[in-house]
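Engineer: Sequence and computational prediction follow.
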Amino acid sequence: MLKIAFAGFGEVNTPVEVLGKKCAKACESLSCKDAEIYPFYPIRDDGEEKDINAAISFFSGKDFDVLVLCVAGWIPSHAVVKVIDKFRHIPMVLWGLCGWYEEGRLVTTADQAGTSALRKTLSDLGVKFKFVYDIVGKPSSAGKVMKYCFAAAAYSDMRRARIGQMGYRDMQLYGTQFDGLSLKRATGAEIECFEMLEMVQRAEKLNISDVKNVIENRIKKWKFLAEPAEESMEAAARYYLAIKEIIRERKFDAVSLKDVDGFKKLLGFPPAPVFTLLAEDGICTIPENDCLGNVTQVLVKKLTGQIGAYLEFYEFFEDGVLAGVPDYVPAEIVDGKTTILPAAFGELAQGLLNVSKVKTGELTMCRLTFTDGKYFMHVVKGEGITPEKWEECGWTQPAPQLPGLKILLAYTEAFASEVMGQHYIISYGDNVKIIEEYCKIAGIGIIR
């Protein structure tokens, strides 16, 4: 639930009923089922500072993600600063309302005089804030305000994010590592590693009835293109239940598993069905101990409500990229039913390969990266279309059609020149602005 503190300001000489009406309308425009609003208005610069002190008292006992400073008319900046001083660590919106037309003339309460006096002041005070203003005769800026508010809520939520990594640095990759302290400082996310042995020990102790329940009521609900081996389904169910137990106990928002050098090398079992089951539970998942990929997923989920699926790049074209996965996609992005093909790859035994078709449409790709001591978010909008028939060399013939999209980009060469890794996180729709809003609050650089 998004928690918004709403403070409406106006000068003491402006009719109080005018200020009250303007503030009430603005506050109402922010109402939605996902937001709880704590409103206090009008706050005026009366000589005894009764309004100022009452506002400070009102907001002091409350927990909120963002403070909306609604300027309904001219207000001396000291009155606003006194109200917000103890909340300067919280993201804010400086929202200037506007005048109205009455009998052919413009009537104004000098809203933008108030915001003009405050914008640089807030900046010089080090406040994290967004400045928006209404224009007479045009739609309200409430939509911009709410987008920033949701980004601020994600910023607050990320300070409590916990991510589990089974193992670390799969395949000795460099681009999947993380620096714990700088990541904590920039995003608030905490990454905790646990050993594969813990999963195996838990899996061995499971009640067989719980394992069979997953097989019958979850795995067998998938669409199989060939008959799966019973031992493959049992292994998937056991490992899934063991990891799910760890996630529940440690309150992980996301998880990654050591894939090639872990599951496949040591257990002889490709973990695609384990990832598929976890994703069905709404858990953000990515293979190969991709730490910053996991963090990006959690952020995308908090900003958009989507699971933040990963795709990796196979080919670059003039007009876009071929992005697919060699293992699984979450049910949330599947077009149709989750489809599984029992198949072998290289020297591996039979695995349960997720070959589901991926939804097409407008989407946003992004990835968090760490460069020269600073975090950046690479973000780009694209259009996902069904790709041509393709295969990854190495699969038993006939090779499976792996899940994927051809993602059309406006400037492929520019994107490729900045690409930050093989894994990017996708969300459907144009989510560039809200991702950028979060990054501005968190002090994360933006690469477009």
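Structural biologist: Nice, I can see it.

Engineer: C-alpha only now, for contacts and for neighbours.
Structural biologist: Noted.

Engineer: Any idea how many residues pack against Lys86?
Structural biologist: 12 (other CA atoms under 10 Å).

Engineer: A strand includes it, no?
Structural biologist: No - Lys86: not assigned to a strand; according to DSSP: H, G, I helix; E, B strand; the rest coil it is helix.

Engineer: got a pLDDT number for it?
Structural biologist: Lys86 carries a pLDDT score of 93 in this model.

Engineer: What separation do you get for it and Val68?
Structural biologist: From Lys86 over to Val68 the distance is 15 Å, taken as CA to CA, to the nearest Å.

Engineer: Likewise for Gln177?
Structural biologist: 38 Å.

Engineer: These two - which one has more neighbours?
Structural biologist: Remark: of Gln177 and Val68, Val68 carries more neighbours, 23 against 17, as counted by other CA under 10 Å.

Engineer: Break this structure down into its structural domains.
Structural biologist: According to automatic domain parsing, the chain comprises the domains 2-158, 162-447.

Engineer: Longest helix in this structure, please.
Structural biologist: Across the chain, the longest stretch assigned as helix under DSSP state H is helix 230-250.

Engineer: now the next helix or strand after it: mean pLDDT?
Structural biologist: As assigned by DSSP states H and E, the chain's next helix or strand after helix 230-250 is strand 254-257. Strand 254-257 shows a mean pLDDT of 98.

Engineer: what comes into contact with strand 254-257?
Structural biologist: 162-167, 247, 263, 283-291, 294-295, 297-298 (CA atoms under 8 Å, 6 or more residues apart in numbering).

Engineer: Now go through those residues and say which are in strands.
Structural biologist: Among the contacts of strand 254-257, DSSP state E puts 162-166, 284-287 in strands.

Engineer: For the residues you listed, could you give me JSON lines that also reports pLDDT?
Structural biologist: Listed next are the ones in strands among the contacts of strand 254-257 as JSON lines, based on pLDDT from 0 to 100:
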{"residue": "Arg162", "pLDDT": "98"}
{"residue": "Ile163", "pLDDT": "98"}
{"residue": "Gly164", "pLDDT": "98"}
{"residue": "Gln165", "pLDDT": "98"}
{"residue": "Met166", "pLDDT": "97"}
{"residue": "Cys284", "pLDDT": "98"}
{"residue": "Thr285", "pLDDT": "98"}
{"residue": "Ile286", "pLDDT": "98"}
{"residue": "Pro287", "pLDDT": "97"}
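
Engineer: Out of those residues, which is nearest to Tyr155?
Structural biologist: Closest approach to Tyr155 among those (CA to CA): Arg162, at 13.8 Å.

Engineer: Run through the residues that contact the closest one.
Structural biologist: Applying CA under 8 Å, 6+ apart, the residues contacting Arg162 are 189-192, 251-254.

Engineer: ok, and the most crowded of these?
Structural biologist: Ala254 (25 neighbours).

Engineer: and Gly47, what pLDDT?
Structural biologist: pLDDT, Gly47: 91.

Engineer: Point me to the helix or strand that includes it.
Structural biologist: With DSSP H and E as criterion, Gly47 is part of no helix or strand.

Engineer: And it, how far from Asn13?
Structural biologist: 11 Å.

Engineer: same question, Ile340
Structural biologist: For Ile340, the distance to Asn13 - CA to CA - is 71 Å.

Engineer: ok now do Glu48, which residues does it touch?
Structural biologist: Contacts of Glu48 (CA under 8 Å, 6+ apart): none.

Engineer: can you give me the strands in the stretch 251-400 of the chain?
Structural biologist: Secondary structure of the stretch 251-400 of the chain, counting by DSSP state E, counting those that start in this stretch: strands at 254-257, 284-287, 309-316, 320-324, 339-343, 351-354, 361-371, 374-385.

Engineer: now the longest one against strand 320-324, angle please.
Structural biologist: Angular relation of strand 374-385 and strand 320-324 on a 0 to 180 degree scale: 90 degrees, by axes from the mean of the first three to the mean of the last three CA atoms, to 10 degrees.

Engineer: Can you give the contact residues for strand 374-385?
Structural biologist: Contacts of strand 374-385 (CA under 8 Å, 6+ apart): 186, 359-370, 405-410, 415, 418-420, 430-432, 439, 444-448.

Engineer: Write the PyMOL selection for whichever of these are buried.
Structural biologist: Buried residues within the contacts of strand 374-385, by 16 or more other CA atoms under 10 Å, are selected in PyMOL with:
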select buried, resi 186+359+360+362+363+364+365+366+367+368+369+370+405+406+407+408+409+415+419+420+430+431+432+439+444+445+446+447
